[in-house]
Structures are given as structure tokens and as C-alpha cells.
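Colleague: predicted structure and sequence below. I'll ask about it afterward.
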Amino acid sequence: MTNVLILDANGQLARNTTGAFLRDPDIRYRITQKGEPFKGHDVSLNSLSDLIVKLAADPALHLRKSIGVSAA
């Protein structure tokens, strides 16, 4: 298990939780929006990397939104 800091859209700490970064080679994740129930906190490093690359390629993607990422 890993301590996970969850940041809001302004980069401020929203909450500190415990989750796991899985070493699963598959890229499968779901994104939840603010106000939706968070569906878990374990997610693969490959899935997080995929999302980070998408965010870097399209800075407007999820701009000023608070999102959660979990395994699908």
C-alpha cells in the first residue's frame, strides 16, 4: 500500500488516502468527476502514465476539474 495525496484542480491537498500503484501492464482506468462517488484507489502505474501523457499532450483536458483515477 502507498499513501496517496489527492490534489484538487488548484493543486491544493484535497485528501490523503491509502491506495496501491499496481504493476499491471494493462492500461485500464476510469475517471470520476467531483461530486461522483469515488470508485476505488488502486490503479496501475501504466494507467497513470497513460493519463499523464494525455494531459501533457492536451493541456485543456480536464482543465480546472477535480478528477479521481482508479482501476477500471
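Modeller: Okay, I see it.
Colleague: any weak-confidence spans in this protein?
Modeller: Within the chain, the segments meeting pLDDT under 70 span 1-20.
Colleague: tell me the SS of the spatially most central residue of it?
Modeller: Centroid-nearest residue in the chain: V69, 3.0 Å away (criterion: CA atoms, centre = their mean). For V69, the assignment made with DSSP: H, G, I helix; E, B strand; the rest coil gives strand.
Colleague: surely it is in contact with D50?
Modeller: No: between V69 and D50 there is no contact under CB atoms under 8 Å: 10.0 Å. Quick note: C-beta positions are derived from backbone N, CA and C, even for glycine.
Colleague: and for these two, which residues touch both?
Modeller: Listed as contacting both V69 and D50 by CB atoms under 8 Å, 6 or more residues apart in numbering are Y29.
Colleague: give the buried residues for stretch 45-55.
Modeller: N46, S47, L51 (16 or more other CB atoms under 10 Å).
Colleague: what does that stretch contact?
Modeller: Applying CB under 8 Å, 6+ apart, the set of residues contacting stretch 45-55 is 21-29, 31, 61-62, 69, 71.
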